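**Student:** Provided below are the primary sequence and the corresponding predicted coordinates.
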Amino acid sequence: MRSGTIVPMRQRFCLWFGLLVAVQLFAPIPKAVAQRAAPTGGKATVKPVPPQPEEYQKALQLFAETLIAWKAGQLERVTQLAEQTISRLEAVAALDFPAKNPQFVQRDLGLMLFLDGIAHLKLSQQAVGSVRIAHAQKSRSAVIRSIEKLDEIDKYVQELGLPIDTNRKRFLDEATKIQSEETVLKLSVSGSGAIKVRLRNQEELCRSAKDRGCDLHVAMGAPLVFEAVADEGTYVAQWHGGCPQTASIASESGEPAPARCELTPSGPIELAVTFLPRAVLGIRTQGDGSGSIVVRSSGREDLRCGSSEPCTLRIAGRPEVQLLPKPNASSRFAGFFGDCQGKSCVLSLSQDRSITAAFRKKTEAKWWVWTIVAGGTVVVATAVGIGTAAALRPIPSDIRSVR
């Protein structure tokens with residue numbers, strides 16, 4: 001008989017000892033919560049199955065810390081601890097625990113969700129823009145879930161001695177009202193590039209690329225910054241939608257569209273950006289002469305390509321470009337070949353182009369004098385260079401030669 005009574009006493013001693021150690025190591029656990037961990041009645045009827053007691057004790061400790069943070073008005077900490085507690089309690093609820101404990105677990109879950117929802121609502125009332133909307137969304141979701149887990153919240157709050165307004169309908173109405181201040185933003189991309197959107201001076205909210213659209217809820221009245229990021233070899237051709245820069249900038253002026261756009265949403269927004277490939281203009285020179293080619297587009301000099309090596313220019317906007325030869329002093333320009341023929345070159349860069357410019361060395365002029373006697377008149381012929389016609393003029397008869 002004596003040995004039959006020793007085992008339950010050991011179990012109770014171990015449970016209480018473990019609980020006391022936890023109380024000393026961590027923040028104090030409220031009495032109504034601590035009672036949850038004690039054995040019911042005078043005897044222990046069910047043996048704990050590891051790791052259930054450890055998980056449950058950790059959940060109760062987080063529960064207590066959440067209540068302490070709530071009483072201290074530490075809203076951010078409340079949301080952090082509540083999320084951890086909820087995660088622990090959900091893990092405990094899935095375990096094979098004694099029959100009475102799941103009831104406690106569901107009550108604790110309901111209260112933690114409720115506190116999390118109210119903390120987010122209070123934070124939303126202090127925030128602005130999309131941060132305000134995000135807190136309101138989390139508040140509404142948590143309060144709705146708390147209703148599913150705990151119907152008699154007033155009784156439980158009173159049991160724990162928490163000064164909390166338990167009017168969940170009012171909290172839901174307030175969160176819903178704040179959430180209604182948001183609008184829908186849809187981003188899409190045509191071509192090779194991406195759109196980034198962020199609140200002004202804040203972190204990126206979303207990035208939309210060709211293979212990944214971007215739909216999100218944003219707060220009305222909160223200024224947004226959109227940035228078009230072109231991939232290598234492409235350019236921002238045109239914005240479509242709510243941005244002010246919606247004209248076909250690229251096709252009219254030959255200039256790329258702006259990479260940034262700012263707007264303040266007052267309703268649903270559908271925004272898109274078109275990216276197009278940059279046209280490649282390849283230029284090389286040939287011949288025994290030397291010089292450079294100046295490329296002009298939209299009235300400015302985009303490139304000066306010399307004779308030392310080929311040049312490659314990627315030009316956005318499909319503009320019309322003019323190529324101007326600049327031979328060095330000892331050379332002359334012989335002409336264009338390839339996509340341009342002749343001495344002048346104007347191209348529309350609707351596709352990749354390849355041009356060759358030929359430079360030749362100038363022929364060295366040779367000067368000499370011939371003395372020709374004809375009818376008593378000496379005629380001097382002056383040759384200005386190979387292939388150049390001689391200039392003839394009569395000179396006085398008394399001059400025999402001119403050098």
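**Tutor:** Everything's here; your move. Numbers count the residues shown, from 1 in each chain.
**Student:** Which strands and helices lie in contact with the longest helix seen in the chain?
**Tutor:** The residue-count maximum for a helix in the chain (DSSP state H) belongs to helix 101-126. On a contact count with 3 or more CB pairs under 8 Å, 6 or more residues apart in numbering; DSSP states H and E, helix 101-126 meets helix 52-71, helix 75-93, helix 129-149, helix 153-160, helix 168-179. Every residue, glycine included, has its C-beta placed from N, CA and C.
**Student:** Tell me which of those sits nearest to A219.
**Tutor:** A219 lies closest to helix 129-149 among the helices and strands packed on helix 101-126, at 4.6 Å (CB to CB).
**Student:** Please enumerate residues in contact with that closest one?
**Tutor:** Outside of helix 129-149, the residues within contact range by CB atoms under 8 Å, 6 or more residues apart in numbering are 79, 106-107, 109-111, 113-114, 116-121, 123-125, 127, 153, 168, 171-172, 175-176, 178-179, 181-182, 199, 205, 217-219, 221-222.
**Student:** Mean neighbour count, mean pLDDT and distance to E227 added to the helices and strands packed on helix 101-126, as a markdown table?
**Tutor:** Listed next are these as a markdown table, based on neighbours: other CB atoms under 10 Å; pLDDT from 0 to 100; distance: least, CB to CB, whole Å:
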| stretch | mean neighbour count | mean pLDDT | distance to E227 |
| --- | --- | --- | --- |
| helix 52-71 | 20 | 86 | 38 |
| helix 75-93 | 20 | 91 | 30 |
| helix 129-149 | 20 | 86 | 17 |
| helix 153-160 | 15 | 87 | 46 |
| helix 168-179 | 16 | 88 | 27 |
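**Student:** Okay, now the unreliable bits of this protein?
**Tutor:** For the chain, the stretches with pLDDT under 70 are 1-53, 96-102, 200-201, 244-256, 298-299, 301-302, 307-308, 317-318, 364-403.
**Student:** Could I have the buried ones of the contacts of helix 129-149 as PyMOL selection syntax?
**Tutor:** Of the contacts of helix 129-149, the buried ones go into a single PyMOL selection, burial set by 16 or more other CB atoms under 10 Å:
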select buried, resi 79+107+109+110+111+113+114+116+117+118+119+120+121+123+124+127+153+168+171+172+175+178+179+182+199+205+218+219+222
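**Student:** rewinding a little: tell me what angle the longest helix of the chain forms with helix 75-93.
**Tutor:** If you take axes from the mean of the first three to the mean of the last three CA atoms, to 10 degrees, helix 101-126 sits at 160 degrees to helix 75-93.
**Student:** quick one: which of the helices and strands packed on helix 101-126 is nearest A228?
**Tutor:** Closest approach to A228 among the helices and strands packed on helix 101-126 (CB to CB): helix 129-149, 20.6 Å.
**Student:** any chance of the helices and strands packed on helix 101-126 in CSV, plus distance to S331?
**Tutor:** Converted to CSV, these look like this (distance: least, CB to CB, whole Å):
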stretch, distance to S331
helix 52-71, 83
helix 75-93, 74
helix 129-149, 64
helix 153-160, 92
helix 168-179, 74
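**Student:** closest to F337 out of those?
**Tutor:** Taking CB to CB, helix 129-149 is the member of the helices and strands packed on helix 101-126 nearest to F337, at 58.4 Å.
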